[in-house]
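Student: Structure, please.
(chains A and B)
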Amino acid sequence: DAKTTQPTSMDCAEGRAANLPCNHSTISGNEYVYWYRQIHSQGPQYIIHGLKNNETNEMASLIITEDRKSSTLILPHATLRDTAVYYCIVRVAGYNTDKLIFGTGTRLQVFP
Amino acid sequence: GAVVSQHPSRVICKSGTSVKIECRSLDFQATTMFWYRQFPKQSLMLMATSNEGSKATYEQGVEKDKFLINHASLTLSTLTVTSAHPEDSSFYICSARDHSGGAYNEQFFGPGTRLTVL
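Tutor: Coordinates of the predicted model:
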């Protein structure tokens, strides 16, 4: 079973920041938080991952709470092309522990 | 990021036939590849983990004799759906992980293969 809970859906106006929350209250100390997104009828696309420090890349920022029980993915300036299902996944990083168990994700709708 | 391809992108077949789907890592070597299935409006479900040169590891409830997986090289894994039936119609997605950079690399996903069994 997935170890994360996310809201089913969210809306965001184009150009505004999209903040997608994720709860992972049972996360272990050696588990990373990964975010992927899936645009309709395509394979998932990696966005970002982190362990305990906040992370930022060209796509998004990841804010992880100090107790690591929740995190927020931030798309700073959402565009219509960011409309997708966003998945938050916890995973132990290691050569023999590669599994990504997908939950139901959050369906983000960016509107004009 | 690294590129993973799948072939074919979509396939329609008659009930009872077998269908082979290929997953290739184009610019990296993948010791491990994964196969997922996704039904309409549902999330991805992991079917099996494919390791180069060894037998695949199947998730609980996935029939290994029906979904044959071969990972004969570091850049190619195949999934064969044997004796396909309409209930096997789904979106099949593979992913691959590049181990060369260490244990913390992300998985890269293919574009998916839509299988329709008539």
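
Student: Could you use CA atoms for every contact and neighbour count after this?
Tutor: Noted.

Student: and the closest residue to residue A:90 other than its chain neighbours, helix, strand or coil?
Tutor: Nearest non-adjacent residue to residue A:90, counting by CA to CA, 6 or more residues apart in numbering or on different chains: residue A:33, 4.6 Å away. Under DSSP: H, G, I helix; E, B strand; the rest coil, the three-state class of residue A:33 is strand.

Student: So residue A:33 sits against residue A:51, correct?
Tutor: Yes. Contact criterion CA atoms under 8 Å: residue A:33 and residue A:51 qualify, at 6.2 Å.

Student: neighbour-wise, which of these two wins?
Tutor: A direct count of neighbours by other CA atoms under 10 Å in any protein chain shown for residue A:33 and residue A:51 places residue A:33 higher, at 24 against 18.

Student: Identify the residues contacting that one.
Tutor: Residues near residue A:33 by CA atoms under 8 Å, 6 or more residues apart in numbering or on different chains: A:49-51, A:88-91.

Student: now that we have those residues, which one has the most neighbours?
Tutor: residue A:88 (32 neighbours).

Student: Now do the same for that one: helix, strand or coil?
Tutor: Relying on three-state DSSP, one would call residue A:88 strand.

Student: now it, nearest residue through space, not along the chain?
Tutor: residue A:35 (4.7 Å).

Student: Show the contacting residues for that neighbour.
Tutor: A:46-49, A:73, A:86-89.

Student: Neighbours of residue A:65, how many?
Tutor: 13.

Student: And for residue B:15?
Tutor: Residues near residue B:15, counting by other CA under 10 Å: 16.

Student: Could you do the one 10 residues further on as well?
Tutor: A total of 24 residues lie near residue B:25 under the criterion other CA under 10 Å.

Student: Next one: it from residue B:79, what distance?
Tutor: 15 Å (CA to CA, to the nearest Å).

Student: one step back: from the contacts of residue A:33, pick the one nearest residue B:51.
Tutor: Checking the contacts of residue A:33 against residue B:51 with CA to CA, the nearest one is residue A:91 at 18.7 Å.

Student: Any idea what residue A:9 is bridged to?
Tutor: Residue A:9 has the following beta-bridge partners by DSSP bridges: residue A:107.

Student: Any regions of the chain where pLDDT drops low?
Tutor: By default, I'm working from chain A. A:1-2, A:93-98 (pLDDT under 70).

Student: ah, I was thinking of chain B
Tutor: For chain B, the ranges with pLDDT under 70 are B:1, B:99-105.

Student: Chain A contacts on that one?
Tutor: B:42-46, B:93, B:99, B:103-104, B:106-112 (CA under 8 Å from any CA of the partner chain).
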